[in-house]
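Participant: how would this look folded up:
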Amino acid sequence: MDDSHPHPITSELDLHTFRPHEIGELLPEYFRECRQRGILSVRGIHGKGTGTLREGVHALLRRLPEVESFHHPATTGGWGATRVILHAPSASTGPTAD
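Facilitator: Residues are numbered from 1 along each chain as shown. Coordinates of the predicted model:
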């Protein structure tokens, strides 16, 4: 993510402000921050448009190991948004007790 314009980490990410080539770096970083904060359900808003951004996002989501599942909930944006469910961070990735 661009450090000069920090993006708040919440359960909703509007992808309209990002270029398609930025998504490959943005989503893994964003999801990492969400998981660290205990946010395991993220609504990604990509819009309906031509479907190019949605298809790119979905292709990436299929490859990310932290993504448990994703779908288009009709009640929260339909084809214009995707709900992403993230795996909880494993206990082995957290701090260890001495």
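Participant: got any ranges where the chain has weak pLDDT?
Facilitator: Along the chain, segments meeting pLDDT under 70 span 1-6, 73-78, 91-98.
Participant: ok, which stretches of it are helices?
Facilitator: In the chain, the helices defined using DSSP state H lie at 23-36, 52-63.
Participant: Output these in TSV; the columns should cover distance to R83.
Facilitator: For every residue, glycine as well, the C-beta is placed using N, CA and C. Output for the helices of the chain, formatted as TSV (distance: least, Cβ to Cβ, whole Å):
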stretch	distance to R83
helix 23-36	13
helix 52-63	11
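Participant: Out of those, the one nearest G44 is which?
Facilitator: Proximity to G44 (Cβ to Cβ) singles out helix 52-63 among the helices of the chain, at 6.2 Å.
Participant: I figured L40 hits R83, correct?
Facilitator: No - L40 is not in contact with R83 according to Cβ atoms under 8 Å; the separation is 11.1 Å.
Participant: can you list residues touching both of those two?
Facilitator: With contacts defined as Cβ atoms under 8 Å, 6 or more residues apart in numbering, no residue is adjacent to both L40 and R83.
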